[in-house]
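Participant: What follows is a predicted structure for the sequence shown.
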Amino acid sequence: MRVFLLTYGTRGELEPFVALGRALREAGHEAVLAGPASFAALAGEHRVPFAALDDGLAAALRDAVTGRRGGPRELTVARTLAAGRPALRRVLDDAWEAARAARPDVVVHHAFPMAGHHLAERLGVPHALLTLDPMYLPTRAFPNPLYPAPARLPGPLNRLTYEVPRLVWRYTAPTVDRWRREVLRLPRRRGRHDPLLRPGGGTALVLNAVSEHVVPPPADWPGTVHTTGYLMPPPPPDWSPPPGLAAFLDAGEPPVCVGFGSAVGRDPAHTGRIVAEAVDLVGVRAVVVTGWGGIRITPDAPPGRLCVVEQAPYAWLLPRTRALVHHGGGSTTAALTAGTPQVVCPFRGDQPSWSQWMHRIGVAPPPVPQSRLTAHRLAAALRRALGDPGLRRRAASLGERIRAEDGPAAAVRALEAAHRGSDDSSLHLR
């Protein structure tokens, strides 16, 4: 089976596709991953063949979703897409060239850059949507994670919140329609912009890369939704920790880990001072993962307590730590999988929803929003995460169940069954 994998965005959007590409190749299949050019090294570390897409739009979207530009996240993203139509067209053109060269039997894609199901239609092969959370899967059971709604809403109102992602589709539609016509030579048709639909009618296979132990699949999801478990890549085969990090871990009791990933905020140095002071107040050691610059540790930080690294595979690092302080993005998956207690400090978008969800399932204290983040509030939350035996037990138990799911292997099995034409109609690709 030849599989073309297509995604776009931040590291959090790339890592699950890397995990799937690696698992497909280990199972004897061919897989090519197309993503922003700046992530070629990430794919290379896991020996997944990579096709580079123009990443000018990725930089603009990164600024939109990480807090460097103001306004509601969805509106900011939509405005960025509207202003970046030439950049989106370059991404679409690159995706077509990569897909055509891959000659796939199936296209597995993220909802953005809104190209995967069009490419599959042009190539005459089936497509499968890979979702990293349920934001594209309407249900009466709970509101869209993107929607800042209370935990309980009437069922019809819950379903209504899933119209939010369609706002982004509306902004991309003119560019995508022109590309369909000029490059793919495809006609206009009803439902062409909905990645949940097959061109000939019916719903497409969905690989819902979420643990059923965290988000139990609602009864009103269609049978084409296959909940696989999380897709987390293991540490790269040749990866080893930098000497400073290895020495720090060996020098004392397990530290906490602090990282806000791609969520930058407006004053990384101020955030760094809050983190350093909170760590000092609690009296713990910490590995600070700076990522894209969401935290900047200044020279006046308390000596001896902090180890600062730009990146480290959470699959390797978190089992060596006592808790993770993070923003509620892709690192949520890493913490859940590792069974690590969490302190969630959300910025915007779906992060507030997931931070509340982590608290409700008992693996994190109440969230500390970035807008209210102080050293004393962060220290209090960290003390609770470290000092609550029940919270630690729940996190560890949940991690064991999640790891037993083996999300990448489950996703490969679903694609294999679909490709063979399984009698299970929920897995049919065609």
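Facilitator: Nice, thanks for sending it over. Residues are numbered from 1 along each chain as shown.

Participant: so where is this protein shaky, pLDDT-wise?
Facilitator: Along the chain, the parts satisfying pLDDT under 70 run over 60-83, 148-152, 262-266, 292-294, 300-303, 422-430.

Participant: can you rerun that using 50?
Facilitator: For the chain, the stretches with pLDDT under 50 are 68-73, 422-428, 430.

Participant: List the residues that contact residue 128.
Facilitator: 106-109, 204-207, 415, 418, 429 (Cβ atoms under 8 Å, 6 or more residues apart in numbering). Glycine gets a C-beta too; all of them are placed from N, C-alpha and C.

Participant: Go through these and name the one nearest residue 163.
Facilitator: residue 206 (17.8 Å; Cβ to Cβ).

Participant: wait, doesn't that closest one sit right on residue 224?
Facilitator: Yes. Residue 206 is within contact range of residue 224, at 5.9 Å (criterion: Cβ atoms under 8 Å).

Participant: So for these two, which residue has more residues nearby?
Facilitator: residue 206 (24 against 20; other Cβ atoms under 10 Å).

Participant: could you point out which element follows whatever helix or strand that one lives in?
Facilitator: Element membership for residue 206, per DSSP states H and E: strand 205-208. Downstream of strand 205-208, the next assigned helix or strand under DSSP H and E is strand 225-227.

Participant: Would you pull up how far that next one lies from the middle of the chain?
Facilitator: 17 Å (Cα atoms, centre = their mean, to the nearest Å).

Participant: Adjacent strands (with direction) for it?
Facilitator: strand 205-208 (parallel) (DSSP bridges).

Participant: C-alpha coordinates for the partner strand, PDB please?
Facilitator: Only the C-alpha atoms of strand 205-208 are listed here, as PDB (Å, rounded to 0.1, in the frame of the first residue of the first chain):
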ATOM      1  CA  LEU A 205     -13.000   7.200   6.700                       C
ATOM      2  CA  VAL A 206     -11.800   9.300   9.700                       C
ATOM      3  CA  LEU A 207      -8.800   8.300  11.800                       C
ATOM      4  CA  ASN A 208      -9.600  10.100  15.000                       C
END
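
Participant: Which residues does that strand contact?
Facilitator: By Cβ under 8 Å, 6+ apart, strand 205-208 touches 20, 108, 126-131, 134, 136-137, 196, 217, 224-228, 411, 414-415, 418, 427-429.

Participant: So which of those residues are in strands?
Facilitator: Assigned to strands by DSSP state E, the following of the contacts of strand 205-208 qualify: 108, 127-131, 225-227.

Participant: Neighbour-wise, which one of those leads?
Facilitator: residue 108 (27 neighbours).

Participant: quick one: that one and residue 304, what's the gap?
Facilitator: 46 Å (Cβ to Cβ, to the nearest Å).

Participant: next one: residue 214
Facilitator: Taken as Cβ to Cβ, the span from residue 214 to residue 304 is 36 Å.

Participant: now do residue 267
Facilitator: Taking Cβ to Cβ, one finds residue 267 at 25 Å from residue 304.

Participant: Farthest-apart pair in the ones in strands among the contacts of strand 205-208, please.
Facilitator: Maximum distance among the ones in strands among the contacts of strand 205-208 (Cβ to Cβ): 18.3 Å, for 127 and 227.

Participant: quick one: contacts of stretch 242-250?
Facilitator: 240-241, 255, 285, 287, 307, 309, 312, 320.

Participant: Can you add secondary structure, distance to residue 16 and neighbour count and give those residues back as CSV?
Facilitator: As requested, the contacts of stretch 242-250 are exported to CSV (DSSP: H, G, I helix; E, B strand; the rest coil; distance: Cβ to Cβ, whole Å; neighbours: other Cβ atoms under 10 Å):
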residue, secondary structure, distance to residue 16, neighbour count
240, coil, 24, 10
241, coil, 23, 17
255, coil, 27, 23
285, coil, 30, 20
287, strand, 23, 23
307, strand, 27, 22
309, strand, 22, 18
312, coil, 18, 20
320, helix, 23, 17
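
Participant: export the residues you listed to JSON lines and tack on distance to residue 234?
Facilitator: Formatted as JSON lines, those follow (distance: Cβ to Cβ, whole Å):
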{"residue": "240", "distance to residue 234": "14"}
{"residue": "241", "distance to residue 234": "15"}
{"residue": "255", "distance to residue 234": "22"}
{"residue": "285", "distance to residue 234": "25"}
{"residue": "287", "distance to residue 234": "19"}
{"residue": "307", "distance to residue 234": "22"}
{"residue": "309", "distance to residue 234": "19"}
{"residue": "312", "distance to residue 234": "13"}
{"residue": "320", "distance to residue 234": "15"}
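
Participant: which one of those is nearest residue 200?
Facilitator: Out of the contacts of stretch 242-250, the member with the shortest distance to residue 200 (by Cβ to Cβ) is residue 312, at 45.8 Å.

Participant: neighbours around residue 274, how many?
Facilitator: Neighbour tally, residue 274, other Cβ under 10 Å: 21.

Participant: no wait, residue 181
Facilitator: For residue 181, using other Cβ under 10 Å, the count is 12.

Participant: try the one 5 residues further on
Facilitator: The burial metric for residue 186, expressed as a neighbour count using other Cβ under 10 Å, is 15.

Participant: residue contacts, it?
Facilitator: Neighbours of residue 186 in contact, by Cβ under 8 Å, 6+ apart: 118, 121-122, 180, 192.

Participant: Just the ones of those residues in helices?
Facilitator: 118, 121-122 (DSSP state H).

Participant: In the residues you listed, which residue is surrounded by the most others?
Facilitator: In those, the most neighbours by other Cβ under 10 Å go to residue 118, 27 neighbours.

Participant: Could you pull up the residues touching that one?
Facilitator: 176, 179-180, 184, 186, 192.
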